[in-house]
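**Q** My questions concern the predicted model and sequence given below.
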Amino acid sequence: MRYLWLPPLLAACMTLPCLAESGADAARQATPAAAGTVAATTPALTLDQALALALAHYPDLAAARSEVQATQAALLVAGARPAALAEGELEDTRRETRSTTLRLAQPIELGGKRQARLEAAGRGLDVALARQALRRGQLRAEVTAAFAEALVAQERVRLAQAALELARGGSEAAQRRVTAGKVSPIEETRARVAQAGVAVELAQARGEL
């Protein structure tokens with residue numbers, strides 16, 4: 001299962017080397033050991049989890065679900081038959097001559113009005129469902145593409161960390177050779193410059209991630 005480190009936690013835990021610092025200081029800050037600690041303590045986010053979060057919380061999709069619910073309610077209302085009507089009438093207030101009349105009426109719709117209402121409401125529901133499915137598909141495609149891009153960026157960070165480790169080893173080896181008098185100090189300087197360049201690349205890769 002491919003996974004990503006959660007970006008907010010990653011951004012909070014990783015400190016990017018300042019480009020204005022010296023090359024040696026930047027190289028010391030961007031150590032693979034520190035990055036490994038971050039990776040070991042940061043929760044993983046799988047593609048399925050990312051999709052679930054997006055589908056549950058994306059505002060446009062929530063609006064599409066609300067539209068579907070509204071059209072479903074409209075369909076129920078369209079299918080309801082007209083309510084029966086009750087009417088009472090009281091003539092005279094004296095007990096001996098008082099007359100009370102109660103009328104009940106049930107409207108009957110003619111000309112296929114109810115069926116027409118149902119068909120219109122049904123088409124509205126079909127449109128709302130289609131919009132919801134379209135937005136869901138678009139969202140899944142967007143999240144999947146972003147996830148893939150983040151995986152690539154994550155791999156770049158891993159490779160840059162490995163390259164920095166090699167550069168650090170080269171710098172240390174050059175320093176030992178200079179101390180032993182086997183090579184000129186300029187070799188150590190070149191190794192330090194190369195290490196600083198790799199550190200900058202790692203900082204850039206972390207920023208993209």
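**A** Okay, I see it.

**Q** Scan this protein for its longest helix.
**A** In the chain, assigned by DSSP state H, the helix with the most residues is helix 113-179.

**Q** what helices or strands is it leaning on?
**A** Packing partners of helix 113-179 (3 or more CB pairs under 8 Å, 6 or more residues apart in numbering; DSSP states H and E): strand 3-5, helix 23-29, helix 32-41, helix 47-57, helix 59-79, helix 185-208. The C-beta positions use only the backbone N, C-alpha and C, and glycine is treated the same way.

**Q** redo that, cut-off 7 Å
**A** strand 3-5, helix 32-41, helix 47-57, helix 59-79, helix 185-208 (3 or more CB pairs under 7 Å, 6 or more residues apart in numbering; DSSP states H and E).

**Q** what's the least confident stretch among these?
**A** Of all the helices and strands packed on helix 113-179, the minimum mean pLDDT falls on helix 32-41 (a mean of 42).

**Q** Neighbours of Gln69, how many?
**A** As a burial measure, Gln69 scores 11 neighbours (other CB atoms under 10 Å).

**Q** circling back: the longest helix of the chain vs helix 47-57, what angle?
**A** For helix 113-179 against helix 47-57, the angle between stretch directions is 140 degrees (axes from the mean of the first three to the mean of the last three CA atoms, to 10 degrees).

**Q** can you list the helices and strands packed on helix 113-179 in CSV and add distance to Ala173?
**A** What follows is the helices and strands packed on helix 113-179, written out as CSV (distance: least, CB to CB, whole Å):
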stretch, distance to Ala173
strand 3-5, 32
helix 32-41, 17
helix 47-57, 41
helix 59-79, 55
helix 185-208, 8
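
**Q** quick one: secondary structure of Glu87?
**A** strand (DSSP: H, G, I helix; E, B strand; the rest coil).

**Q** For it, give the beta-bridge partners.
**A** Residues in a beta bridge with Glu87, per DSSP bridges, are Arg103.

**Q** what's the distance between it and Thr101?
**A** Glu87 sits at a distance of 8 Å from Thr101 (criterion: CB to CB, to the nearest Å).

**Q** do the same with Ala83
**A** Counting by CB to CB - Ala83 and Thr101 are separated by 21 Å.

**Q** again with Ala180
**A** For Ala180, the distance to Thr101 - CB to CB - is 121 Å.

**Q** Shouldn't Leu90 be within a helix?
**A** No - under three-state DSSP, Leu90 sits outside any helix and is assigned strand.
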